[in-house]
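**Q** Pasting a predicted model and its sequence here:
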Amino acid sequence: MNAIRSEKTEQPTEDANLAAVTEVEAGIRDFVRNDVAYLRRPGVSFAISSDAPALDSTAEATVSSVNSLIQRVAGTSLTEIENLISELEALRDLLHSEGQRVQREIAGYAQLSQAAMKSTRMISENVSQWKRTADTLR
């Protein structure tokens, strides 16, 4: 694309911008024509000019088919992304519940360990008392 620059301001003028837009639109039209040429029926011509684009029913059908193709591709991608999000949310919930379960198990083992320590102390104290009693009886 060529931009016409003013010698004084060194910036594109409005005419240059309009020409660039027209050139891009023409390039897009050419691309679409070449890309969907296989969809055309023999003997059907398009009446597209840069001044006033006029689409016949075949052109409208082609545009409609291209739009539906884009929507299907985008729809499939969106569906896959939504499925992935729901799977990740389910995994997050599972990890959260497993984390809570592990915390409960650890708390249970801590209580069991404290109970075992208390029982061991009690047994140790009773054995030492029996030993003292046995020593005094001798």
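**A** Perfect, thanks for sending it.

**Q** just how off-centre is the lowest-mean-pLDDT helix or strand in the chain within its chain?
**A** In the chain, the helix or strand scored least confidently by mean pLDDT, DSSP states H and E is helix 14-35, which has a mean of 77. Averaging C-alpha positions (Cα atoms, centre = their mean, to the nearest Å) puts helix 14-35 33 Å from its chain's average.

**Q** Pull out the buried residues from it.
**A** For helix 14-35, the neighbour count (16 or more other Cβ atoms under 10 Å) marks 16, 19, 32 as buried. Where C-beta positions appear, they are placed from N, C-alpha and C, glycine not excepted.

**Q** Tell me the spacing between the last one and residue 114.
**A** When you say that, I think you mean residue 32. Going from residue 32 to residue 114 by Cβ to Cβ, to the nearest Å gives 77 Å.

**Q** Need the CA coordinates for the least confident helix or strand of the chain. CSV is fine.
**A** What follows is helix 14-35, C-alpha atoms only, in CSV (Å, rounded to 0.1, in the frame of the first residue of the first chain):
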residue,chain,number,x,y,z
GLU,A,14,-7.6,11.9,4.2
ASP,A,15,-7.5,11.1,0.5
ALA,A,16,-4.5,8.8,1.1
ASN,A,17,-6.3,7.1,4.0
LEU,A,18,-9.4,6.6,1.8
ALA,A,19,-7.2,5.2,-1.0
ALA,A,20,-5.6,2.8,1.4
VAL,A,21,-8.9,1.6,2.8
THR,A,22,-10.2,1.1,-0.8
GLU,A,23,-7.1,-0.8,-1.7
VAL,A,24,-7.5,-3.1,1.4
GLU,A,25,-11.2,-3.7,0.6
ALA,A,26,-10.3,-4.5,-3.0
GLY,A,27,-7.7,-7.0,-1.8
ILE,A,28,-10.2,-8.6,0.6
ARG,A,29,-12.7,-8.9,-2.2
ASP,A,30,-10.1,-10.5,-4.5
PHE,A,31,-9.1,-12.9,-1.8
VAL,A,32,-12.7,-13.9,-1.1
ARG,A,33,-13.4,-14.3,-4.9
ASN,A,34,-10.3,-16.5,-5.3
ASP,A,35,-10.9,-18.5,-2.1
